[in-house]
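Q: No sequence on hand, only this structure:
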């Protein structure tokens, strides 16, 4: 088993306030890793730092053997790292077609997105901001289908969506993972995340509180969580 | 035939109005920032063009090539890199970007003044200014050339934005820069291209416009500002509508020549209407419109302009601030007469700045027309003081300015952010053009210093004391705006109007109230300013020469602090006094406002950083550098997780 992504003692701060206090974790290649934790634990910050959106105060982010801390986000994106940010990772004032073209490049084949989410094809000329919440998330998710990522970072793709849509999106994630894409997903829906994940990390107040396999989580007292079922 | 000739005559200016309007619109679409400085960039380009051709003798084509293909794009790249990228990186609100462009405008005006002075120049024309006479028609060659430039330029641009990958990327970066980067777009490069395009359009506007009119820092900039009407009519989206509106404006303006009213009174109104048609159009367009399609969502959140600290300042700190400020305000009394006379501007300006603090800092309403209220206050005072006691006249002036504020507060109910900023600017420009610039209102206006219960305030010291008393009253008023339930409601509107409404705050009434009070304060300040000068100077209350720089001063010195407003006023007067130039402060204030991205705290932060830099002993810095990070807490690890961590550590 090789390691796709490794964080070593990563510290991230917003101004004077440190949010991640030295987090170390490893994501095996081809695995689906769930990153859990209550609000304010630093999950989104961690993903943003990995994707190059936030500078590190200290530590290392190693992706495929290279330290990528400080590499601009667009460079990372072009080499196959793909972050779908929390809440509608879409361009609201662009049409659906333009959104897909920014994701895939002009003239690229958009069929993979339409095969998975046929509704988008019917909405081609509509402004993305006018789509429903579920449709917007499907559009955002299309990036993962068009961009052929190596490492996919998902930030709460199920947030505020109907269970039916959530299931569809999780199926897509599972499908991508089966095709060999390494996935790190931040989730609030524990049961779904645990069902899919190979490996689970739990963050609490900017520190790693648990690392292990999903089954090991059962019966544990986790900060901010009441585990049921 | 006459009508046709007039139409052709208006075509030239119409084409340039169209170009200017389209340039604004395109910059907005390509950068997501409504560039108030568009006119100032045009003005700078026109000056450079004039310098290259008329001063240094370069051929026109070479100078045009240099300005349009080298300098303007390079300036755009520099702007993006230095001014706007830091704002983007901080996720600054559109309101902050707007202020940065105001700062840029103020800075460029200041630079133009310092370098080229205020005298009017007549630069060469890019196209031959020949007149053809086919039949009884009169055709200006350059007008048609200008029109061709507009159509070709915008056509190329429309294709670029709509039909190319770069165009889609530009729009994506404007929409959500971080997401575009996550999608592999080099947002910095794309944004720089957007700014370059905007600057080339501005430069082209400046060069063409300067040949038609003449070149002076304020005038040319103001003409471009007045073409805000075009993008507003086009709802910030449609390029063809913006072009059509520009040409219709030019042609309409020249068609008004066809009718000259016989009545002299009516004729002067008609004349004013004709020469100020763009301002009328701008105001009408803004008042008729219900909403404006803004590129990056809402520019209404102005909290960031005011909120620069995580906690309210302590009572001790406030007391200290107020005491120091109060003592400092009495210091000018010890000055010589000449300097005291200069210092008399400080309380008057401070009053106007406090009025901006009240409306923008306290309640988040961007008001770019404050000089209009100030000027009206001065004028009302001058008119009312004939035959009435001066103190009563002063009260009347404040109340009358307040009444105008009340009326103009109504449009603010439904408008916020950029929309409100433009509306207030248009109101200020309208008042300036139709009241201050009209001899009917401003000729034979005499302004005297008041007397207080038989006690003359003619003397400089007595008048200064009187000004301080007025300023103290303003402080009392603003204190009450800040304190208690009213203050909390205003801050609630500033931070989230929707949220405030949802908890039952009557946002409409409060907005009108704050505009009224703010206009009263500004009116009072304006009256004092005129009393200090002893006359009514229309240019002192110009939207460009006063409103915009004043707004920038307030933001730079701290939008939500009345004390900071006084410091700002003192700064303006001091810099002008020391340099002996009326507009020297523009450069300093413009720099600070334009660099809001790098220095979010403005002047206060600059001062703090400087003091820290000077005072911090190097030993202390070394101590900071050596300070150990806090110990890592234990991690609950399962066997699998521990193995994974070991692997991570093993690789390092």
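A: Arrived safely, thanks for sending. The shown structure was predicted, so the numbers you read here are calculated from the model rather than taken from an experiment.
Q: Secondary structure element holding the residue in the stretch 351-500 of chain B that chain A sits nearest to?
A: Relative to chain A, the nearest point of the stretch 351-500 of chain B is residue B:418 (15.0 Å; CB to the nearest CB). For every residue, glycine as well, the C-beta is placed using N, CA and C. Using DSSP states H and E, residue B:418 maps to helix B:417-431.
Q: just how off-centre is that helix within its chain?
A: Distance of helix B:417-431 from the chain centroid (CA atoms, centre = their mean, to the nearest Å) equals 10 Å.
Q: So, low pLDDT: which residues of chain A?
A: Residues of chain A meeting the criterion pLDDT under 70: A:189, A:219-229.
Q: So for it, the centremost residue is which one?
A: residue A:154 (1.3 Å; CA atoms, centre = their mean).
Q: next one: phi and psi at that residue?
A: Phi and psi for residue A:154, reported as degrees, to the nearest 10, are phi -120, psi 120.
Q: Tell me where chain A has helices.
A: In chain A, the segments counted as helices under DSSP state H are A:43-50, A:73-78, A:96-104, A:111-116, A:118-122, A:133-146, A:163-178, A:190-196, A:214-217.
Q: how about the fifth one: buried residues?
A: If I follow you right, that is helix A:118-122. The neighbour-count check on helix A:118-122 (16 or more other CB atoms under 10 Å in any protein chain shown) flags residue A:120 as buried.
Q: Same question for the longest one.
A: Going by neighbour count (16+ other CB under 10 Å), the buried part of helix A:163-178 is A:165-166, A:168-170, A:172-173, A:176-177.
Q: go on, the shortest one?
A: Across helix A:214-217, burial judged by 16+ other CB under 10 Å covers A:214, A:216-217.
Q: Please name every helix or strand in contact with it.
A: Applying 3 or more CB pairs under 8 Å, 6 or more residues apart in numbering or on different chains; DSSP states H and E, we find helix A:214-217 packed against helix A:190-196, strand A:199-204.
Q: Switch the ones you listed over to JSON lines; also include mean neighbour count and distance to residue B:458.
A: Listed next are the helices and strands packed on helix A:214-217 as JSON lines, based on neighbours: other CB atoms under 10 Å in any protein chain shown; distance: least, CB to CB, whole Å:
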{"stretch": "helix A:190-196", "mean neighbour count": "17", "distance to residue B:458": "80"}
{"stretch": "strand A:199-204", "mean neighbour count": "24", "distance to residue B:458": "73"}
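Q: Counting neighbours, what do you get for residue B:235?
A: 16 (other CB atoms under 10 Å in any protein chain shown).
Q: Show me the shaky parts of chain B.
A: In chain B, residues with pLDDT under 70: B:1, B:295-313, B:454, B:616-652.
Q: picking up where we left off before, save the helices and strands packed on helix A:214-217 as a markdown table, and put in distance to residue B:131 too.
A: Listed next are the helices and strands packed on helix A:214-217 as a markdown table, based on distance: least, CB to CB, whole Å:
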| stretch | distance to residue B:131 |
| --- | --- |
| helix A:190-196 | 77 |
| strand A:199-204 | 76 |
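Q: Which among those is found nearest to residue B:487?
A: Smallest distance to residue B:487 across the helices and strands packed on helix A:214-217 (CB to CB): 38.5 Å, for strand A:199-204.
Q: so what strands line up beside that closest one?
A: strand A:32-36 (parallel), strand A:207-212 (antiparallel) (DSSP bridges).
Q: what's the angle from the last one to helix A:43-50?
A: Which is strand A:207-212. For strand A:207-212 against helix A:43-50, the angle by axes from the mean of the first three to the mean of the last three CA atoms, to 10 degrees is 90 degrees.
Q: Secondary structure element holding the residue lying closest to residue B:202 once chain neighbours are set aside?
A: Leaving aside its sequence neighbours, residue B:202 sits nearest to residue B:41 (CB to CB, 6 or more residues apart in numbering or on different chains; 4.0 Å). Under the criterion of DSSP H and E, residue B:41 resides in helix B:38-50.
Q: list the helices and strands that helix packs on?
A: helix B:2-31, helix B:72-79, helix B:94-116, helix B:187-212, helix B:217-226.
Q: which element follows it toward the C-terminus?
A: According to DSSP H and E, the helix or strand after helix B:38-50 is helix B:60-65.
Q: Now that next one: buried residues?
A: B:60, B:63-64.
Q: List the contacts of it.
A: B:49, B:52-53, B:124-126, B:207 (CB atoms under 8 Å, 6 or more residues apart in numbering or on different chains).
Q: Look up how far residue A:125 lies from residue A:94.
A: 11 Å (CB to CB, to the nearest Å).
Q: where does the stretch 301-450 of chain B come near chain A, residue by residue?
A: For the stretch 301-450 of chain B, no residue is in contact with chain A (CB under 8 Å from any CB of the partner chain).
Q: Show me the strands in the stretch 301-450 of chain B, by range?
A: Taking DSSP state E, counting those that start in this stretch, the stretch 301-450 of chain B contains no strands at all.
Q: For residue A:107, give me its contacts.
A: residue A:101 are the contacts of residue A:107 under CB under 8 Å, 6+ apart.
Q: and what of residue B:505?
A: B:489, B:492-493.
Q: rerun at 10 Å
A: By CB atoms under 10 Å, 6 or more residues apart in numbering or on different chains, the residues touching residue B:505 are B:485, B:488-490, B:492-493, B:497, B:499.
Q: With neighbour numbers in mind, choose between residue A:94 and residue A:125.
A: Using other CB under 10 Å as the criterion, residue A:94 and residue A:125 rank with residue A:94 on top: 21 against 9.
Q: Please report the distance of the more buried one from residue B:418.
A: Taking CB to CB, one finds residue A:94 at 20 Å from residue B:418.
Q: residues near residue B:609, how many?
A: By other CB under 10 Å, 12 other residues sit near residue B:609.
Q: how near is it to chain A?
A: 15 Å (CB to the nearest CB, to the nearest Å).
Q: Give me the contacts around the host helix or strand of that residue.
A: Residue B:609 is part of helix B:602-615 when elements are defined by DSSP H and E. With contact meaning CB under 10 Å, 6+ apart, helix B:602-615 is reached by B:99, B:103, B:305, B:308-309, B:552-559, B:561, B:564, B:567-568, B:571, B:588-589, B:591-593, B:595-596, B:598-599, B:601.
Q: Distance-wise, check residue A:170 relative to residue A:186.
A: For residue A:170 relative to residue A:186 (CB to CB), the value is 13 Å.
Q: what do these two both touch?
A: A:154, A:157, A:193.
Q: could you dump the residues you listed to CSV with distance to residue B:478?
A: Below are the shared contacts of residue A:170 and residue A:186 laid out as CSV (distance: CB to CB, whole Å):
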residue, distance to residue B:478
A:154, 49
A:157, 48
A:193, 53
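Q: any idea which of those is closest to residue B:446?
A: Using CB to CB, residue A:157 comes nearest to residue B:446 of these, at 72.0 Å.
Q: What is the neighbour count of residue B:339?
A: 12.
Q: rewinding a little: please, a PyMOL command that selects the buried ones among the contacts of helix B:602-615?
A: Of these, the buried ones go into a single PyMOL selection, burial set by 16+ other CB under 10 Å:
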select buried, chain B and resi 99+103+305+552+553+554+555+556+557+558+559+561+564+567+568+571+588+589+591+592+593+595+596+599+601
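Q: pretty sure residue B:405 contacts residue B:411?
A: No - counting by CB atoms under 10 Å, residue B:405 stays clear of residue B:411, with 11.6 Å between them.
Q: Alright, that wraps it up for me.
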